[in-house]
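[1] model this:
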Amino acid sequence: MTIVDSATKPTASAGERTPLTRWLAVVAMAVGTFALVTVESLPVGLLPFIGSAMDVSEGTAGLMVTVPGLVASATAPLLPVAIRHLDRRVALIGLITLMVLANGLTALAPNFAVLLGSRFLVGISIGGFWALAAGLAVRLVPERSIPRAISVVFGGATAANVLGIPAGTLIGGLADWRTAFVAAGALGLLVLVALLLLLPPMPAQQVVQLRTLPQQFRHPVVRAGVLATFLLVGGHFAAFTFVSPILQTTSGVDEAMIGPLLLGFGVAGILGNFLAGAAAERNIRATIITIGAVLTVVLGLFPLAGRTPVSGALLLLAWGLAFGGVPVAVQTWILKAAPESTEAATALNTSVYNLAIALGALLGGIVATHLSVNAALTTGALFTLLTSLAVWSARRS
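    Down below sits the predicted model:
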């Protein structure tokens, strides 16, 4: 099989809209990913407030992050199967509507059980939207602009890690945690209006059947892309889960500087997202290999070269720059590898992405507990090193 240099062309109905309107629709989907990623991780900065209000421990309150992540991992591959011939515009609008309603339920929840139920609904919205959005964005733009459109969509997720979570935490601190979820729901409502106005009808181009999902693994290039996703994301989270203690114990960074440094990491990630999108237009294989190599060098050198606050900060920025390009790079690979089954391949890749987050963090925790946080860095470096081998193995396909 061959990695083609094109993907699904804009549909006829999408072509009836002006180029500006189509790009505005792509931006609306990017704001949608921003809202969803913000909602998914919003409890991280609000756990003490939520735990106190609901009379549960912070560890129990952390289920508000775990539940939607696991549900999203299951929803991503199953939703395209469930919706079959449903117009994808209707599906996206329905998923954003579900997110708005779920946030309203979160804000009004009288007890923790209802709160977790609302987060279950959020997980459905996240998994479904991520599985569909990138594949739909490429139907709105010319072929030469596909990597750029994917960069825009995933840029919304990267921006959420930089701006969305701190903003939500600030709102929760100034008002209360329920107000933060109301604000996130209000943003989702704006996205809903924008999609209604800007997104054209987008009939299903493929009917995804359950057996179609495992069939993607038979495609050697898709298989290499999914494996690259697992290794890059898993390796990153094996180390990044412990970035705060790493900066403090290895680099000697003052606790008060952790927040600003992580903000810098996020800003570098946004830049890396768009740089990788531009590079993917020229050579997607070289882009992923470069990302894997940079992450390997950064994670591998951190315990040795990151022993001062300045060197630790510089390595952290390089880390953010490299990892920021991962979502757009692997998604571009998948879309080019399987243009005839974009929804099935994207859904599978989205599911693996979410699983890699959970398993990478779990493995990193085991290593950090039994060895050290620097060993978690080495574990991450080994994962990212294997990425280049996985991608290079598809060179003849």
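[2] quick one: contacts for Ile357?
    By Cβ atoms under 8 Å, 6 or more residues apart in numbering, Ile357 lies in contact with 69, 233-234, 237. Just so you know, the C-beta spots here come from the backbone N, C-alpha and C atoms, and that holds for glycine as well.
[3] now swap in Phe230 and tell me
    Counting by Cβ under 8 Å, 6+ apart, Phe230 has contacts 352, 355-356.
[4] next one: Phe323
    With Cβ under 8 Å, 6+ apart, Phe323 has these contacts: 232, 236, 240, 269, 272, 291, 295.
[5] same thing but 7 Å
    236, 269, 272, 295 (Cβ atoms under 7 Å, 6 or more residues apart in numbering).
[6] Highest neighbour count among those?
    When neighbours are counted by other Cβ atoms under 10 Å, Leu295 leads the contacts of Phe323 with 29 neighbours.
[7] which ones are touching Phe120?
    Phe120 makes contacts with 67, 71, as judged by Cβ under 7 Å, 6+ apart.
[8] Can you give me the buried ones in the helix or strand hosting it?
    In the assignment (DSSP states H and E), Phe120 maps to helix 112-137. Within helix 112-137, the residues that qualify as buried are 112, 115-119, 121-137, counting by 16 or more other Cβ atoms under 10 Å.
[9] before we move on, the earlier item: from the contacts of Phe230, which shows the smallest pLDDT?
    Of all the contacts of Phe230, Leu355 carries the smallest pLDDT score, 79.
[10] Quickly find the element holding that one.
    Counting by DSSP H and E, Leu355 is found in helix 342-370.
[11] Just the ones of the contacts of Ile357 in helices?
    Assigned to helices by DSSP state H, the following of the contacts of Ile357 qualify: 69, 233-234, 237.
[12] Scan those and report the most crowded one.
    Gly234 (27 neighbours).
[13] So for it, what's the pLDDT?
    87.
[14] Starting from Leu363, give me the distance back to it.
    7 Å (Cβ to Cβ, to the nearest Å).
[15] How about Leu196?
    With Cβ to Cβ as the criterion, Leu196 and Leu363 are 42 Å apart.
[16] In terms of neighbours, single out the busier of these two.
    The neighbour comparison of Leu196 against Leu363 (other Cβ under 10 Å) goes to Leu363, with 19 against 12.
[17] Quick check: closest non-adjacent residue to the more buried one.
    Ala238 (5.2 Å; Cβ to Cβ, 6 or more residues apart in numbering).
[18] hang on, isn't the one you found packed against Thr378?
    No - assessed by Cβ atoms under 7 Å, Ala238 is found out of contact with Thr378, at 9.5 Å.
[19] one step back: which two in the ones in helices among the contacts of Ile357 are spaced the farthest apart?
    By the measure Cβ to Cβ, Gly69 and Gly234 form the most distant pair in the ones in helices among the contacts of Ile357, at 13.8 Å.
[20] residue contacts, the most centrally placed residue in the chain?
    With distances taken as Cα atoms, centre = their mean, Ala157 lies nearest the centre of the chain, 5.8 Å away. Ala157 makes contact with 33-34, 37, 327, according to Cβ under 7 Å, 6+ apart.
[21] Spatially, which two of the residues you listed are the most separated?
    Phe34 and Pro327 (13.1 Å).
[22] Save the contacts of Ala157 as JSON lines, and put in pLDDT too.
    Listed next are these as JSON lines, based on pLDDT from 0 to 100:
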{"residue": "Thr33", "pLDDT": "88"}
{"residue": "Phe34", "pLDDT": "89"}
{"residue": "Val37", "pLDDT": "83"}
{"residue": "Pro327", "pLDDT": "83"}
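[23] out of those, who has the most neighbours?
    Pro327 (30 neighbours).
[24] Now do the contacts for that one.
    154, 157 are the contacts of Pro327 under Cβ under 7 Å, 6+ apart.
[25] thinking again about what came up before, is it possible to get a markdown table of the contacts of Ala157 that adds secondary structure and distance to Ser57?
    Output for the contacts of Ala157, formatted as a markdown table (DSSP: H, G, I helix; E, B strand; the rest coil; distance: Cβ to Cβ, whole Å):
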| residue | secondary structure | distance to Ser57 |
| --- | --- | --- |
| Thr33 | helix | 31 |
| Phe34 | helix | 30 |
| Val37 | helix | 25 |
| Pro327 | helix | 33 |
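[26] Mind putting those into a markdown table with distance to Leu170?
    Below are the contacts of Ala157 laid out as a markdown table (distance: Cβ to Cβ, whole Å):
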| residue | distance to Leu170 |
| --- | --- |
| Thr33 | 21 |
| Phe34 | 16 |
| Val37 | 17 |
| Pro327 | 26 |
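[27] Helices of the stretch 101-250 of the chain, start to end?
    112-137, 146-159, 165-174, 177-198, 212-215, 220-240, 243-249 (DSSP state H, counting those that start in this stretch).
[28] mind checking which of these is nearest Leu371?
    That would be helix 220-240 among the helices of the stretch 101-250 of the chain, by Cβ to Cβ, at 12.0 Å.
[29] and the closest one, which residues are buried?
    Buried-residue list, helix 220-240, by 16+ other Cβ under 10 Å: 221-240.
[30] what angle separates that helix from helix 342-370?
    For helix 220-240 against helix 342-370, the angle by axes from the mean of the first three to the mean of the last three Cα atoms, to 10 degrees is 30 degrees.
[31] Distance from helix 220-240 to the middle of the chain?
    13 Å (Cα atoms, centre = their mean, to the nearest Å).
[32] pLDDT value on Thr8, please?
    So, for Thr8, pLDDT stands at 42.
[33] what phi and what psi does the backbone show at Pro201?
    phi -60, psi 140 (degrees, to the nearest 10).
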